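Visitor: Dropping a prediction and its sequence here:
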Amino acid sequence: MAKPNKKSPTRTVNIFCAKCKVQLYKYRKGGKGALIKCFKERIVEDFTQVACTCPACGQTFARECLIRGAPTLKMIGGKVTFK
C-alpha cells in the first residue's frame, strides 16, 4: 500500500466539535471532499488534552487507527465540522 503524500497540502482548515463548536485542530487538508480522516503528521495545532475527545463537552469524535502505515484519526460521521 502507498503511504500518504509526503508533500503536505498548503490549505489549512480549522476543525470544530459539531456539538459545542470548540476548535479541536488546525489541519492541512488535501482535496475538497468531506473530512473522513486526519493524518497525525498533517495536524498543525492540537487544541485537545485527551486524544479524540472534545475538551469542552467530552464527546468522542474520532478513533485512532493506521491507514497506509501512518497513524491516523478516523472521524466519526457528524461529530466534527470544518471551515
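Guide: Structure received.
Visitor: Pull up the gap between the residue lying closest to P9 once chain neighbours are set aside and P55, please.
Guide: Spatially, and ignoring its direct neighbours in sequence, P9 is nearest to G30 (3.9 Å; C-beta to C-beta, 6 or more residues apart in numbering). From N, CA and C alone the C-beta is placed, and that goes for glycine too. For G30, the distance to P55 (C-beta to C-beta, to the nearest Å) stands at 26 Å.
Visitor: With K74 instead?
Guide: According to C-beta to C-beta, K74 stands 20 Å off from P55.
Visitor: Likewise for G77?
Guide: From G77 over to P55 (counting by C-beta to C-beta), the distance is 21 Å.
Visitor: neighbour count winner among those two?
Guide: Remark: of G77 and P55, P55 carries more neighbours, 14 against 8, as counted by other C-beta atoms under 10 Å.
Visitor: That one: helix or strand, and which one exactly?
Guide: Using DSSP states H and E, P55 sits within no helix or strand.
Visitor: so it touches D46, yeah?
Guide: No: taking contacts as C-beta atoms under 8 Å, P55 lies outside contact range of D46: 10.4 Å.
Visitor: Right, I'll leave it there.
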